[in-house]
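# Fold the following.
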Amino acid sequence: MMKGANRWRRQVPFILLTNGGGVTEEAKAHELSRELGVKITPSQVVLSHSPMQSLVDKYRHRHVLVVGGAERRCAEVAQHYGFEKVTIPDDIVAWNPSAWPFTSVRDYARPEYDYSQEPIDAMMVLHDSRDWARDLQIMTDVLQSRHRVVGRADWGQPAQIVPVYFSNPDFQWSNEYPTPRFAQGAFRLTLELLYRQLTGGNELKYRLFGKPHTATYKFALTTLNDQARVLDPAHTGFRRFYAVGDNPESDIMGANNHGWHSIAVRTGIFQHPDQVSHRAELQPKDIVEDVEEAVNLILEKELAIEKVG
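Next comes the predicted model:
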C-alpha cells in the first residue's frame, strides 16, 4: 500500500523503526522482505542500535565491550559499523572460565587479550542479554576497576570511569507469550541497582538510544528524507510525520514528544486507553486495531486531503 498499491497510485516514503536489533540492517531488511513479500531495502530499516553509529568516530580504534544478542552477531554489527576492537562477554569467560563458572565456554568465543591488562574504553548494550547474570557480573567488574579491566576491582573508587550505552530503553516487549516479557530496560535497572549497592550509593551514568529518545528520531528524520529523495529528487520537506506502534512508553511517547502523529495498534503491549490515561504524553492521537488499518487511516488523511486541495 505504501509502495503504490492504493487507490491514488501514490508511493509514500516510509521506514521501519524498531527498538529491536541484534543483526545488521541488511540482515533485517532481508528477513522483513521474506516475511512481508515486499522488497524492503536496508536504508528503510532503523534498528535500535543504528543511531549508535554516531559513536564510531570516538571509539573506532578503542576497546569496546559489546553486550547482548545471540552468539557473535552484535560484535559483527559493531564491526560492520566500524568499531575495530570488540569484545563480548563470552570472550572473557573463554579467557578465564572462573569469571562466570556457571556457563560453558562457547565455540564462537575469541579471547584476543589478557583482559586483566587490556582496558575497556566503553560498554555498549546493543541488544537484549542472553545471560543476565554473566553480563551483569562482567559489566560491574569493569565499572569497579579504575584500570578499566576485569579481575581487578578497586574498592572505594570515587567515580565511574567507563561510559555505558544502551540501545533500547524498553522495560517490556511483546511476543507470542500471553503477557509482556522483560526487555533491555529491565536489565538496565538491574545494573543500576547493582552498581549503587557495590559503590555505596553512586548512581550509574549512561546514555540511551532507541525510541523515545531524540538521537533515534534525528536519525529517523535523516533516513526518511533520504527515502523521499529516492521517490522525488526535488523533495524539500514533509508536511507531517506519522508513527505506528504498540508500546506507549516508546512508540507513542517518542512520537508525541517529537511532534509526530502517534497511532497505537492493539496488537502488542497497548490494548486499552486506560493503560495510559494518567499521562498525556502516552496518549495516542489515534487508536486502531492493526497496522493495515493505521496505513489506511494515514493515506486517507493525507492523500484524500491532497486530492481535494
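# tally of neighbours for residue 193?
Residue crowding around residue 193 was assessed by other Cβ atoms under 10 Å; the count is 12. (C-beta placed from N, C-alpha, C; glycine too.)
# lowest-confidence helix or strand of this structure?
Lowest by mean pLDDT, DSSP states H and E among the helices and strands of the chain is helix 305-308, with a mean of 58.
# Tell me how far residue 199 lies from residue 206.
According to Cβ to Cβ, to the nearest Å, residue 199 stands 14 Å off from residue 206.
# From the neighbour counts alone, determine which of the two ranks first.
residue 199 (19 against 16).
# any idea of the pLDDT on that one?
Here, the pLDDT recorded for residue 199 equals 89.
# element containing the most centrally placed residue in the chain, please.
Nearest residue to the geometric centre of the chain (Cα atoms, centre = their mean): residue 48, 2.2 Å. Using DSSP states H and E, residue 48 maps to neither a helix nor a strand.
# who touches it in this structure?
Residues in contact with residue 48 (Cβ atoms under 8 Å, 6 or more residues apart in numbering) are 18-21, 126-127, 167-168, 209-210, 216.
# what would these look like in JSON lines with pLDDT and neighbour count?
Shown next, in JSON lines, are those (pLDDT from 0 to 100; neighbours: other Cβ atoms under 10 Å):
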{"residue": "18", "pLDDT": "95", "neighbour count": "19"}
{"residue": "19", "pLDDT": "93", "neighbour count": "26"}
{"residue": "20", "pLDDT": "92", "neighbour count": "18"}
{"residue": "21", "pLDDT": "95", "neighbour count": "28"}
{"residue": "126", "pLDDT": "98", "neighbour count": "28"}
{"residue": "127", "pLDDT": "97", "neighbour count": "23"}
{"residue": "167", "pLDDT": "97", "neighbour count": "28"}
{"residue": "168", "pLDDT": "94", "neighbour count": "31"}
{"residue": "209", "pLDDT": "97", "neighbour count": "27"}
{"residue": "210", "pLDDT": "96", "neighbour count": "28"}
{"residue": "216", "pLDDT": "96", "neighbour count": "28"}
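# Of all pairs in those, which one is the farthest apart?
Longest distance between any two of those is 15.0 Å, between 127 and 216; criterion Cβ to Cβ.
# Any stretches of this protein with poor pLDDT?
By pLDDT under 70, the low-scoring segments of the chain are 155-158, 275-277, 305-309.
# can you give me the helices for it?
Applying DSSP state H to the chain gives helices spanning 25-36, 56-59, 73-81, 89-95, 132-143, 184-198, 214-231, 253-257, 291-299, 305-308.
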